[in-house]
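**Student:** show me how the following folds:
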Amino acid sequence: MRLRLLILSSLCISILAPRHAFAQGSPDWTEPFPPFRIAGNLYYVGSKGLANYLITTPQGNILINSDLEANVPLVEASIEKLGFKFKDTKILLISHAHWDHDASSATIKEKTGAKYMVMDADVSVVESGGKTDFQYGSSPANLYKPAKVDRVLHDGDEVRLGGMVLVAHLTPGHTRGCTTWTMRVTDGANTYNVVIIGSPNVNPGYKLVNNPAYPQIAEDYERMWRVLKSLPCDIFLGAHGGYFDLEEKYPRLKAGAVNPFIDPDGYKKYVDEKEREFRSELAKQKLAIK
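**Tutor:** Purely as a prediction, here's the structure:
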């Protein structure tokens, strides 16, 4: 009887884990990481696990991702350590409307007065504080302070400030409005195509087949693969440091090696790997309903 109870208990834990694993997050999400210049006027100002990017211009700065409330002091300190002012943030963007990337948007808006710009399909999620998210909307641990969007973006829209042009590419699936950002950055005599991937992940618990909350989710992932494969990429970045091997590349950059973030092959390999994972999960789910 005791063994039976232990088995039942283990089964319950395994069933519940996928939903709450996202809410709990990872310890490295709030672990400080040295801020640094990636190339030109593009800087990394995030934690070890959650990526934030600062693009500086003569008319003020652009910040990509707000992350957790606990990360605001970390991001602010990183910006100031690089010699810039947090209050000079004029535009706030996000990769997608999940709490680990947008929970402190309202706070950053209040502190800096930045204009918040979000892809149309994610607007209701950020303005509801996560309540309209197709997967996590009913989970209190994944909710956050709502933030008013100042400009609704659409696929292909440009965000301009001080001579910089960022293009918003709709790469849906992970969220309906998941956004991959591209820009061109000049570093010395060279100009590079930068790609910051929103997220290609299929999270635990995502239903890719017969999903009443997001009927076109599989088709949206297919669109994402087409878009990501079409983008010219020299500098490969993403919403989490793990996407582009931040911890492995940063020491090489500090050692004076050729900029390891210039990694077009790594970008292609990463996208291909994530597409294979998606297709494997999709096939598994299709087989399960037969």
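**Student:** list the helices and strands the longest helix seen in the chain packs on?
**Tutor:** Longest helix in the chain by number of residues (criterion: DSSP state H): helix 264-288. Here helix 264-288 touches strand 190-197, helix 217-230, strand 235-238, going by 3 or more C-beta pairs under 8 Å, 6 or more residues apart in numbering; DSSP states H and E. C-beta here means a position set from N, CA and C on the backbone, and glycine is covered the same way.
**Student:** list the buried residues in the second one.
**Tutor:** So that's helix 217-230. When burial is assessed from 16 or more other C-beta atoms under 10 Å, helix 217-230 yields the following buried residues: 217-218, 220-222, 224-225, 228.
**Student:** now distance to residue 102 too, for the helices and strands packed on helix 264-288, in JSON lines please.
**Tutor:** Rendered in JSON lines, the data for the helices and strands packed on helix 264-288 read as follows (distance: least, C-beta to C-beta, whole Å):
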{"stretch": "strand 190-197", "distance to residue 102": "15"}
{"stretch": "helix 217-230", "distance to residue 102": "19"}
{"stretch": "strand 235-238", "distance to residue 102": "15"}
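**Student:** tell me which of these lies nearest to residue 50.
**Tutor:** Nearest to residue 50, of all those, is strand 235-238, at 10.8 Å by C-beta to C-beta.
**Student:** please export the C-alpha coordinates of that closest one as PDB.
**Tutor:** Only the C-alpha atoms of strand 235-238 are listed here, as PDB (Å, rounded to 0.1, in the frame of the first residue of the first chain):
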ATOM      1  CA  ILE A 235      25.100  38.400 -35.100                       C
ATOM      2  CA  PHE A 236      23.000  35.700 -33.500                       C
ATOM      3  CA  LEU A 237      21.100  36.700 -30.300                       C
ATOM      4  CA  GLY A 238      17.900  35.700 -28.500                       C
END
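**Student:** after the helix or strand of the chain with the lowest mean pLDDT comes which helix or strand?
**Tutor:** Scoring the helices and strands of the chain by mean pLDDT, DSSP states H and E places helix 2-24 at the bottom, with a mean of 38. The first helix or strand that comes after helix 2-24 along the chain, using DSSP states H and E, is strand 36-39.
**Student:** report the buried residues of whichever helix or strand comes after that following strand.
**Tutor:** Moving toward the C-terminus from strand 36-39, the first helix or strand encountered (DSSP H and E) is strand 42-44. By neighbour count with 16+ other C-beta under 10 Å, strand 42-44 contains the buried residues 42-44.
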